[in-house]
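what follows is a predicted structure for the sequence shown.
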Amino acid sequence: MVIFRYLGIMWHASRQRSLLFFALLVLSSLTEGIGLVLLVPLLGTLQEVQSQPTGIVAYIIEGLTFVGVPITLTGLLGAFLALNLLRAVIVYFQTLVSERFRLEVLDGLRTRSFDAILESRWDWVVAQKRSDLSSLLITEVNRIGGALVQSVRLIISLISIGVYVVVAFTLSPVMAAIATVLGGLIFFLMRHQHQVAHRHGMLLSQANKNVQQTVEEGLSGLKLVKILRSENRSSAMMKAIRAKLRGRTLQFAKLNAAMGLIFQIAIALVLVAMLYTGIEVLELELPVLLILIVIFARLSPQIRLVQTQINGLQHTEAVMDNYHDLTREAGKVSEPVLQGNDCEPITLGKSIKLSNVSYSYKTRDARSLNDVSLEIPFRKTTAIMGTSGAGKSTLADILMGLLAPETGTVSVDGHALDAESRLNWRKSVAYMPQDVFLFHDTIRNNLLWADQSASEDDLEAALKKASAEFVYALPEGIETIVGDAGQRLSGGEKQRIALARALLQKPQLLILDEATSALDLANEARIREMIETLHAELTVVIIGHRLPALENADQLIVLESGTVKASGTWESVVQELPSD
Ligand SMILES: Nc1ncnc2c1ncn2[C@@H]1O[C@H](COP(=O)(O)OP(=O)(O)OP(=O)(O)O)[C@@H](O)[C@H]1O
C-alpha cells in the first residue's frame, strides 16, 4: 500500500518526530471521542431521561464523578467545554509539529536527490535529460510533499473513523455493525477507481515532465526563437503541451468528482437504512439515536475524504517511483566520496601519460577515443588539434579525470589514476571551455569558487594575468553581478573572468578548450603571452582548431576520428599535415 511508503519516509526521516506526531494525533482523536460520548448523558439531562448508563458512557460518568465533576447539566457542559479546549490546544500543536516535520522530510528528499546527482559520475549525468533532473528536484519532490500531507490527513481520517466506530459500537453494536459492513462494501466496490487513479498519475507525471522540458528549452533557446521569428511556433508548442497537462488534470478531477457523486448517493442510502433500523426495528432512545446521527454525519465526509486521499496517493505513487528510481540510479553510479574542499590535490612532477585509452559514450556505438597513447610533459605546453568531432573535448574530460577511460590508463608521474585518486587529480586541474559558466553572482564570488581563502591581492593578480582588469572599470567593480550564466557580460569578458578563476585555483594542469575563441586578436595575443610567461610554472594543454593559437606549443598532437594521427614538435607535425 502506498500509504506505508509515505509512512516509511516519515519514519525514516525521524522516529522521534513520527512518534510525537502520532501521539498527538491519537490524543486529539481520543478527546474528540470522549467529547462525543459525553453528549449522551448531556442530552439525557436535557430530556430528564436518566436511563441507567452502560458501557463506555458508564465508565466516563464514573471517571467524571471520580475527578469531582457533578453529573448535572452545568457539570457536563463544563467537562464538554474543557475537553474541546484541550482538543483545540492538541490540534494546534499537532498542526505545527506536522508542518515542521513535512518541511524537514521534503528538504531531506530534495537534499538526497540533489546530492545523489552531485555525487554521480559525469558519464551518467551527460546521458540524462536536464529537464528530467530539474523536474525531479522541483516539481516531483513538491508533489511528493503534497502526498505526504495527504497521507498524514489520511491517517487523521482513519483514526477519527476508528474512534467514531468504537463510540458507535458502544452505543449500539447492531447499528454500528450495519454501518461498518455497508461502508466497507462501498469502499470495496470503489477499489477499481484507485487503480485508475494510479494510471492517471503516471500520465500526469509524464505531462508535467514535458511541460518542464518545453519551458526549459523555450527559455534557453529564446534568442534563437526570436532570431528565427518563431515566437508563434514556440507559443503553439507550449499551448499544446499545457493543453495536454490540463486534459490529464481534468481527467483526474472528473474521476474524483464521479466517485464523489456515487459516494454521496451510497452514503445517503446507508443513512436512510440505518435511521429506519434505529427507529423502527431497534427502537433506540432519542439521545443515543441523536448521537449516532451526529457520528454518521461526521463519519460520511471522513470516509469520502479517505477515498479522495487514497486516490490522491495512488496518483502520486508514479512520482514516488520515479523519484526513487532516478535517485537510486544516480546513487549506483556515485563516485567514491563527495570530498569537496577536503580532498588532497595531486602534484605533478614529470608527466601525465595516457596508455591505450579508449572511450565510447553510452548513447553511441562508435568509439569517441580509440587506443590513444600520449604524454603531456610537466611545465610544457601541449597543443591538441583536430577537426570537429575528432574527440578533443572527450580527451580533455579524460585528462582532467571527469571521465574514466573504458580501457587503458591515465597516469600522473607514473601512478595510474583509480576511482579515488581521479577525484583528487580533478582538484589539481583547471579547465576553461569555450562556453564558460559563471554563476548569477558577483565577479568576486565567481572567482572565490576556485579558492575560498583568496585575498584581495590574489584576486587582482589573477584578473591581471587573465587580461581581465576591465572588471575594475565597471561601475560596481569586482562586486558587479554578472547576470544569469554571465549574460550581462560579453563572451570575451566572461572568458577572461573564467580564466582568472582557473588561475586562482593554482592548478597543476591548465586545459584551455577553445578558450580564446571569443577573444579579439589583441586579447588573444595577451593571453598567449600570459601562457608563455606561465610556461615555467604550469603544464598547459591548449585545444583548438586554429593553428595560430597553437603555434608556440612545445608539442602538438593531432587527433582524427578518436585516434592520434600525428604528434611531435610543431615543425615536425606541420610538415606532415596537408597545407590547408
Ligand atoms: N555526451 C555525448 N554523448 C554521445 N556522444 C558524444 C557526447 N559527446 C561527444 N560525443 C561524440 O563523441 C565524438 C567526439 O566528440 P568531442 O566533443 O570529443 O569532439 P571534439 O573534437 O571536441 O569536437 P568539437 O571540435 O566539434 O568540439 C563526436 O562524434 C561526438 O558526437
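It's in. Since the structure is predicted, the reported quantities are computational estimates derived from the model, not experimental observations.

where does the stretch 51-200 of the chain have low pLDDT?
51-57 (pLDDT under 70).

tell me the centre residue of this structure?
residue 137 (2.1 Å; C-alpha atoms, centre = their mean).

helix, strand or coil: sort out that one for me.
Three-state call for residue 137 (DSSP: H, G, I helix; E, B strand; the rest coil): helix.

ok, it - contacts?
110, 113, 114, 117 (C-beta atoms under 8 Å, 6 or more residues apart in numbering). C-betas here are computed from N, CA, C, even on glycine.

which helix or strand contains the last one?
Meaning residue 117. helix 73-119 (DSSP states H and E).

helices and strands around the next helix or strand after that helix, which ones?
From helix 73-119 onward toward the C-terminus, using DSSP H and E, the following helix or strand is helix 122-127. On a contact count with 3 or more C-beta pairs under 8 Å, 6 or more residues apart in numbering; DSSP states H and E, helix 122-127 meets no helix or strand.

heads up, I number from 59, so please use that
Okay, using 59 as the starting number, the last item reads as helix 180-185.

and helix 180-185, what's buried?
Neighbour-count burial for helix 180-185, with 16 or more other C-beta atoms under 10 Å as criterion, is recorded at 180, 181.

and the contacts of it?
Against helix 180-185 from outside (C-beta under 8 Å, 6+ apart): 175, 387, 388, 391, 419, 420, 421, 455, 460, 461, 462.

the ligand: which of these is nearest?
Using C-beta to the nearest ligand atom, residue 419 comes nearest to the ligand of the contacts of helix 180-185, at 3.3 Å.

am I right that that closest one sits in a strand?
No: looking at residue 419 with three-state DSSP, it is coil, so not inside a strand.

circling back to that earlier point, which one (most neighbours) among the contacts of residue 195?
residue 171 (21 neighbours; other C-beta atoms under 10 Å).

gap between that residue and residue 165?
11 Å (C-beta to C-beta, to the nearest Å).

do residue 612 as well
Residue 612 is 51 Å from residue 165, by C-beta to C-beta.

just confirm residue 619 contacts residue 449, I think it does.
Yes: Residue 619 lies in contact with residue 449 (C-beta atoms under 8 Å); the separation is 7.5 Å.

which one's more surrounded, the two?
Per other C-beta under 10 Å, whichever of residue 619 and residue 449 has more neighbours is residue 449, with 23 against 15.

ok, that one - contacts?
426, 427, 430, 617, 619, 620.

quick one: buried ones out of those?
Here, 16+ other C-beta under 10 Å leaves 426, 427, 430, 617, 620 buried among those.

now distance to the ligand, secondary structure and pLDDT too, for the residues you listed, in CSV please.
Formatted as CSV, the buried ones among the contacts of residue 449 follow (distance: C-beta to the nearest ligand atom, whole Å; DSSP: H, G, I helix; E, B strand; the rest coil; pLDDT from 0 to 100):
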residue, distance to the ligand, secondary structure, pLDDT
426, 3, coil, 92
427, 8, strand, 93
430, 11, strand, 92
617, 7, strand, 91
620, 7, coil, 90
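
not counting stretch 490-505 itself, show me its contacts.
Counting by C-beta under 8 Å, 6+ apart, 451, 507, 512, 517, 520-521, 529, 532, 534, 536-544, 547, 552-553, 555-560, 562, 568-573, 575-576 sit against stretch 490-505.

can that stretch be said to contact the ligand?
No: Stretch 490-505 is not in contact with the ligand by C-beta under 6 Å from any ligand atom; minimum separation 7.8 Å.

tell me the gap between stretch 581-598 and the middle of its chain.
42 Å (C-alpha atoms, centre = their mean, to the nearest Å).

ok, and for that stretch, which residues are buried?
Buried, per 16+ other C-beta under 10 Å, within stretch 581-598: 581, 582, 584, 585, 586, 588, 589, 592, 596, 597, 598.

that older thread, overlap between the contacts of stretch 490-505 and the residues near the ligand?
residue 451.

buried subset of the contacts of stretch 490-505?
Here, 16+ other C-beta under 10 Å leaves 451, 512, 517, 520-521, 529, 536, 538, 540, 544, 547, 552-553, 555-560, 562, 568-573, 575-576 buried among these.

which strands or helices does the helix or strand where residue 244 lies pack on?
In the assignment (DSSP H and E), residue 244 maps to helix 231-247. With contacts taken as 3+ C-beta pairs under 8 Å, 6+ apart, helix 231-247 sits against helix 199-229, helix 289-334, helix 344-390.

let's have the ones you listed in CSV, adding distance to the ligand.
Listed next are the helices and strands packed on helix 231-247 as CSV, based on distance: least, C-beta to the nearest ligand atom, whole Å:
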stretch, distance to the ligand
helix 199-229, 26
helix 289-334, 25
helix 344-390, 17
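
pull the number of nearby residues for residue 459.
23.

and residue 179, by the same measure?
Residue 179, neighbours per other C-beta under 10 Å, totals 17.

before we move on, what about residue 334?
For residue 334, the number of neighbouring residues by other C-beta under 10 Å comes to 11.

kindly report the same for the one 5 residues further on.
Neighbours of residue 339 under the rule other C-beta under 10 Å: 10.

then the one 4 residues further on?
Applying other C-beta under 10 Å, we find 17 residues neighbouring residue 343.

can you give me phi and psi for it?
phi -70, psi 150 (degrees, to the nearest 10).

check what pLDDT the nearest residue to residue 325 once chain neighbours are set aside gets.
The shortest distance from residue 325 to any residue other than its chain neighbours is 4.4 Å, reached at residue 358 (C-beta to C-beta, 6 or more residues apart in numbering). pLDDT recorded at residue 358 is 78.

show me where this structure dips below the pLDDT cut-off.
In the chain (pLDDT under 70), the answer is 98-115, 395-401, 542-545, 575-576, 604-608, 635-638.

tell me the domain ranges of it?
59-230, 231-341, 409-634 (the TED database).

in a markdown table, list the ones you listed along with distance to residue 371.
Formatted as a markdown table, the domains of the chain follow (distance: least, C-beta to C-beta, whole Å):
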| stretch | distance to residue 371 |
| --- | --- |
| domain 59-230 | 5 |
| domain 231-341 | 9 |
| domain 409-634 | 35 |
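
my read is residue 601 is in a strand, agree?
Yes: using three-state DSSP, the assignment for residue 601 is a strand.

my guess is it contacts residue 442. True?
Yes: contact criterion C-beta under 8 Å: residue 601 and residue 442 qualify, at 4.7 Å.

identify the contacts common to these two.
In contact with both residue 601 and residue 442: 450, 453, 454, using C-beta under 8 Å, 6+ apart.

which of these ranks first by neighbour count?
residue 453 (28 neighbours).

give the contact list for residue 387.
residue 182.

6 Å instead, please
Residues counted as contacts of residue 387 (C-beta atoms under 6 Å, 6 or more residues apart in numbering): none.
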